[in-house]
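# quick one, what's the 3D model for this:
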Amino acid sequence: MMGVAGVLGASLLYIIHGATVENTLFEDGDGANTFRAINPTQAEETYSMVTANRFWSQIFGVAFSNKRWLHLFMLFIPVTGLRMSALGVFGLALNLRAYDFVSQEIRAMEDPEYETFYTKNILSNEALTGRDQETTGFAWWVGNSRLINLSGKLLEARVAHAKLIVLWAGAMNLFDVAHFVPEKPMYEQGLILLPHLATLGWIVSADDLEDIIGGHVWLGSICILGGIWHMLAKPFSWARRALVWFGEAYLSYSLGALAVFGFIACCFVWFNNVVYPSEFYGPTEPEASQTQAFTFLVRDQRLRANVGSSQGPTGLGKYLMRSRLEKSFLEEKLCVFGICVLPGSLNFMGGVAIEINTVNYVSPGSWLATSHFVLGFFLSVAHLWHAGRACAAAAQFEKGIDRDFEHVLSTNPLNLHMKSNA
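Residues are numbered from 1 along each chain as shown. Model (predicted):
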């Protein structure tokens, strides 16, 4: 039942996502799907009451006259779907764990000579003594060190961690809704998760909606097929020779992939104003540079430079840079951001960051890009660390941590220490 609830929750989430996108789109003169422009002076129209009420009335027969109730309901359905999905994954993990344990124990009862995985690989292996939960000698506060070679318990810990993440996401979304002021631009309110939910109606790729949806479907299908293939097939001989087949090596591979993802996300947040709309996340680096370009244009005019020519170091082409939508910045963003970079965003001069202004606020885009870069950096360092340890262990000149000489094993337990003091 938990698995069914998870599947239904995920399906409901994707239905809400797709329907919200379709009800926010309109077709321009070329027949391409684009989005309605948002004027920050009318930020209360960020969520269109007409569009949203039409959608909810068609699907659920519900209409709202109060915007706060509308925003709450728009967040309640996706967050509930995420929680149900997490519950389904947790139930599936418990079912698989229970099935494996029960099947092995039943087989052991029927056949006295049959050894379960635990008795065959851990209890009878002296080299692993001190590496399972019963013989490790570590207290509960050492964390995952107690769960070495106990994949089921480690999976349970990870699933519980995922449930805490989902719980935080739901609670923080409700907190953002409670403090959301429609009359102010979203990026000035210090919101954490609401800009991400706002992009549910703005989700586009570098050029159009079809590319990002098709790309996710295509890449997701490839990843699913690749996972199935790797579960069924054995590694090739060249892969067995080239790669290190060791637990810490697997950890280093995962950390390296996460580091790459973090750096890619940082670049997307900071440079892409279509996937991450500036109205929600604040101006991007190109927009900040173009506002500075307008200032330089005024300066060069006052210096009597020839800015009417399209050539030369002071040519007009240097100032009228083109955006992704093939509109000049003066047409597209000057009316939105004025002639100066907004507070809380990086100021650029010639493409070089010269100032960070955090007097009034820090935009969600700045927070998002910085956090992903910092996390990606530390993940890359962790990747190099664990990769080096794995290679050293594979070359047999590094034995790793010797648990027989751990300092914690030579200290008195806390309860005995308290009794001796008493």
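# CA atoms only for the helix or strand hosting residue 229, dumped as CSV, please.
Assigned by DSSP states H and E, residue 229 belongs to helix 209-232. The C-alpha trace of helix 209-232 is given here as CSV (Å, rounded to 0.1, in the frame of the first residue of the first chain):
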residue,chain,number,x,y,z
LEU,A,209,9.6,24.7,-23.2
GLU,A,210,9.8,21.8,-25.7
ASP,A,211,13.6,21.5,-25.3
ILE,A,212,13.6,21.2,-21.6
ILE,A,213,10.7,18.8,-21.3
GLY,A,214,12.0,16.6,-24.2
GLY,A,215,15.5,16.7,-22.8
HIS,A,216,14.5,15.6,-19.4
VAL,A,217,12.3,12.8,-20.8
TRP,A,218,15.1,11.7,-23.1
LEU,A,219,17.9,11.8,-20.5
GLY,A,220,15.7,10.2,-17.8
SER,A,221,14.8,7.3,-20.2
ILE,A,222,18.5,6.8,-20.9
CYS,A,223,19.3,6.8,-17.2
ILE,A,224,16.6,4.3,-16.4
LEU,A,225,17.7,1.9,-19.3
GLY,A,226,21.3,2.3,-18.2
GLY,A,227,20.5,1.4,-14.6
ILE,A,228,18.5,-1.7,-15.7
TRP,A,229,21.4,-2.7,-18.0
HIS,A,230,24.0,-2.3,-15.2
MET,A,231,21.9,-4.4,-12.9
LEU,A,232,21.6,-7.3,-15.4
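# and it, what does it pack against?
In this structure, helix 209-232 makes packing contacts with no helix or strand, judged by 3 or more Cβ pairs under 8 Å, 6 or more residues apart in numbering; DSSP states H and E. For the C-beta atoms, the positions are set from N, CA and C on the backbone; glycine is no exception.
# average model confidence for the following helix or strand past it?
As assigned by DSSP H and E, the chain's next helix or strand after helix 209-232 is helix 237-242. Average pLDDT, helix 237-242: 80.
# how about stretch 367-378?
On average, stretch 367-378 scores 89.
# before we move on, what about stretch 181-190?
Stretch 181-190 comes out at a mean pLDDT of 76.
# would you mind measuring the gap between the ends of it?
Distance between the boundary residues of stretch 181-190 (Cα to Cα, to the nearest Å) amounts to 11 Å.
# got the buried residues for it?
185, 186, 187, 188, 189 (16 or more other Cβ atoms under 10 Å).
# reformat those as TSV; add distance to residue 367.
Below are the buried residues of stretch 181-190 laid out as TSV (distance: Cβ to Cβ, whole Å):
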residue	distance to residue 367
185	15
186	13
187	10
188	13
189	13
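# so what pLDDT did residue 361 get?
Confidence for residue 361, expressed as pLDDT, is 57.
# also residue 212?
Per the predicted model, pLDDT is 69 at residue 212.
# and residue 171, how many neighbours?
12 (other Cβ atoms under 10 Å).
# go through the buried residues of stretch 181-190 and name the one nearest residue 392.
Nearest to residue 392 among the buried residues of stretch 181-190: residue 187, at 47.0 Å, using Cβ to Cβ.
# quick check: the closest one touching residue 365?
Yes: using Cβ atoms under 8 Å, residue 187 makes contact with residue 365 at a distance of 7.0 Å.
# residues shared between the contacts of those two?
278, 281, 282 (Cβ atoms under 8 Å, 6 or more residues apart in numbering).
# so how far is residue 195 from the first one?
Same thing as residue 278. According to Cβ to Cβ, to the nearest Å, residue 278 stands 11 Å off from residue 195.
# same thing with the last one?
From residue 282 over to residue 195 the distance is 9 Å, taken as Cβ to Cβ.
# who's more crowded, those two?
Counted by other Cβ under 10 Å, residue 282 and residue 195 do not tie: residue 282 has more neighbours, with 30 against 24.
# name the nearest residue to the more buried one, ignoring sequence neighbours.
Take residue 282 and drop its neighbours on the chain: the residue closest to it by Cβ to Cβ, 6 or more residues apart in numbering is residue 363, 2.8 Å away.
# now for residue 278 and residue 195: what residues contact both?
residue 187.
# residue 282 touches residue 369, doesn't it?
No: applying Cβ under 8 Å as the test, residue 282 and residue 369 come out as separate, 10.1 Å apart.
# roughly how far does residue 364 sit from residue 187?
Counting by Cβ to Cβ, the gap from residue 364 to residue 187 is 6 Å.
# any common contacting residues for the two?
Common neighbours of residue 364 and residue 187, using Cβ under 8 Å, 6+ apart, are 195, 280, 281, 282.
# and the next element down the chain from the host helix or strand of residue 268?
Residue 268 is part of helix 247-271, with elements assigned from DSSP H and E. Going down the chain from helix 247-271, the next helix or strand is helix 278-281, by DSSP H and E.
# closest to residue 268 among the shared contacts of residue 364 and residue 187?
The nearest member of the shared contacts of residue 364 and residue 187 to residue 268, counting by Cβ to Cβ, is residue 281 at 10.9 Å.
# in space, what's closest to the closest one - neighbours in sequence excluded?
Distance criterion Cβ to Cβ, 6+ apart; nearest residue to residue 281, sequence neighbours excluded, is residue 365 at 3.5 Å.
# state the pLDDT value of residue 99.
We note a pLDDT of 59 for residue 99 in this prediction.
# on that earlier part again, closest one of the buried residues of stretch 181-190 to residue 176?
Nearest to residue 176 among the buried residues of stretch 181-190, with distances taken as Cβ to Cβ, is residue 189, at 8.3 Å.
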